[in-house]
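Undergrad: Here's a sequence, model it:
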Amino acid sequence: MADPIRVLIVDDHQVVRRGLRTFLEIQDDIEVVGEAADGHEGVACAEELRPDVVLMDVKMPGTDGIEALRELRRLQNPARVLVVTSFTEQRTVVPALRAGAAGYVYKDVDPDALAGAIRSIHAGHVLLQPEVAGALLADDAGGGGGSGRGSVLTEREREVLELIADGRSNREIARTLVLSEKTVKTHVSNILMKLDLADRTQAALWAVRHGLTD
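TA: Numbering: from 1, shown residues only. Take a look at the predicted model:
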C-alpha cells in the first residue's frame with residue numbers, strides 16, 4: 001500500500017481546521033500531520049514537517065496565504081499548495097495562483113471533492129476554474145515569457161508541455177510518451193528553466209497563451 005498523502009492545514013479559524021482534520025482523518029490515503037493558525041506558522045510547519053500537500057487559507061491575520069506561498073517558493077519547499085478559500089473574487093484567487101498555488105477550492109466544497117482535489121494536487125495536476133484561468137491568461141504581467149521562447153524547446157519538451165497543459169501528472173505523461181517518470185521530471189525542469197517560469201501552473205498557462213493547446 002502506498003504511503004498516505006501527508007497534509008498540513010493552515011487556517012486562522014480553529015473550527016475550520018478541526019472540521020477539515022475530522023473529515024480527512026477518515027480517509028485511508030490521507031494523513032493530517034499538522035495545523036497552523038497563520039501564514040508565518042504555516043511556513044515554519046511546512047519546513048519542519050515536510051508535508052506533501054498544504055491546505056492554505058488566503059485571508060489570515062499577520063502573514064496571509066499569499067505571502068506564505070511566496071515564502072515557501074523562496075525556500076524551495078516541495079509541498080503542493082491547495083488554496084481553500086471563502087473568497088470567490090478573481091482579485092483574491094489570481095494572486096495566490098501567481099504566488100505558486102497549484103489550485104484552489106472553496107470552503108463550501110463537498111468533502112469528497114476536497115479529498116479528490118488533494119489527491120489530484122498530490123499527483124501533479126493543476127486545478128483551475130475556467131474563469132480564473134481566463135483572468136490569468138489576460139494578465140500578461142505575470143505570464144513569464146514571450147512567444148519566441150518556445151523555439152528553444154526540443155520537440156520532446158513541447159510534447160511534455162502540451163500534456164502539462166492538459167492537466168496530466170508526471171506519471172501520466174511518462175505513460176503516454178513511454179518514458180520514465182525521472183526523465184519526465186527532467187524535461188519539466190528544463191521547460192521551466194528555458195521559459196523562465198516558476199511552476200507547472202505558469203507552464204500550463206504559457207502553453208495555452210501560445211497556442212500549444214486549447
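
Undergrad: Number of residues surrounding Thr5?
TA: Quick fix: residue 5 reads Ile, not Thr. 22 (other C-beta atoms under 10 Å). In short, each C-beta sits where N, CA and C put it, glycine included.

Undergrad: Report the contact partners of it.
TA: Asp29, Ile30, Glu31, Asp52, Val53, Ile118, Arg119, His122 (C-beta atoms under 8 Å, 6 or more residues apart in numbering).

Undergrad: just Arg6 next, same as before
TA: The contact partners of Arg6, taken as C-beta under 8 Å, 6+ apart, are Glu31, Val33, Leu49, Arg50, Pro51, Asp52, Val53.

Undergrad: ok, 10 Å please
TA: For Arg6, the contacting residues are 30-34, 49-54, 79, 122, by C-beta atoms under 10 Å, 6 or more residues apart in numbering.

Undergrad: for Thr63, same thing?
TA: Counting by C-beta under 10 Å, 6+ apart, Thr63 has contacts Val10, Asp38, Gly39, His40, Glu41, Gly42, Val43, Arg70, Glu71.

Undergrad: okay, which residue is most central for the protein?
TA: Nearest to the geometric centre of the chain sits Ala102, at 1.3 Å (C-alpha atoms, centre = their mean).

Undergrad: right, and it touches Gly167 too?
TA: No: counting by C-beta atoms under 10 Å, Ala102 does not reach Gly167; the two are 11.1 Å apart.

Undergrad: quick one: common contacting residues for these two?
TA: The contact sets of Ala102 and Gly167 overlap at Ser120, Gly124, His125, Val126, Leu127, Leu128, Arg200 (C-beta under 10 Å, 6+ apart).

Undergrad: if I look at the fourth one, how far off is Ala117?
TA: Spelled out, it's Val126. In this view, Val126 and Ala117 are 11 Å apart by C-beta to C-beta, to the nearest Å.

Undergrad: Look up which helix or strand Thr42 falls in, please.
TA: Not Thr; residue 42 is Gly. helix 39-49 (DSSP states H and E).

Undergrad: Pull out the buried residues from that helix.
TA: Gly39, His40, Glu41, Gly42, Val43, Cys45, Ala46 (16 or more other C-beta atoms under 10 Å).

Undergrad: Tell me the secondary structure of Val7, please.
TA: strand (DSSP: H, G, I helix; E, B strand; the rest coil).

Undergrad: beta partners of it?
TA: Beta bridges link Val7 to Val32, Val53, judged by DSSP bridges.

Undergrad: Show the contacting residues for it.
TA: Val7 sits in contact with 20-21, 24-25, 27, 30-35, 49, 51-55, 79, 82, 115, 118, 122, where contact means C-beta under 10 Å, 6+ apart.

Undergrad: again, only this time at 7 Å
TA: Neighbouring residues of Val7 by C-beta atoms under 7 Å, 6 or more residues apart in numbering: Leu24, Ile30, Glu31, Val32, Val33, Pro51, Val53, Leu55, Ile118.

Undergrad: Just to be sure, Gly100 is in a helix?
TA: No: Gly100 is assigned coil when assessed by three-state DSSP, not a helix.

Undergrad: what's it sitting at in phi/psi?
TA: Gly100 adopts backbone torsions of phi 120, psi 0, taken as degrees, to the nearest 10.
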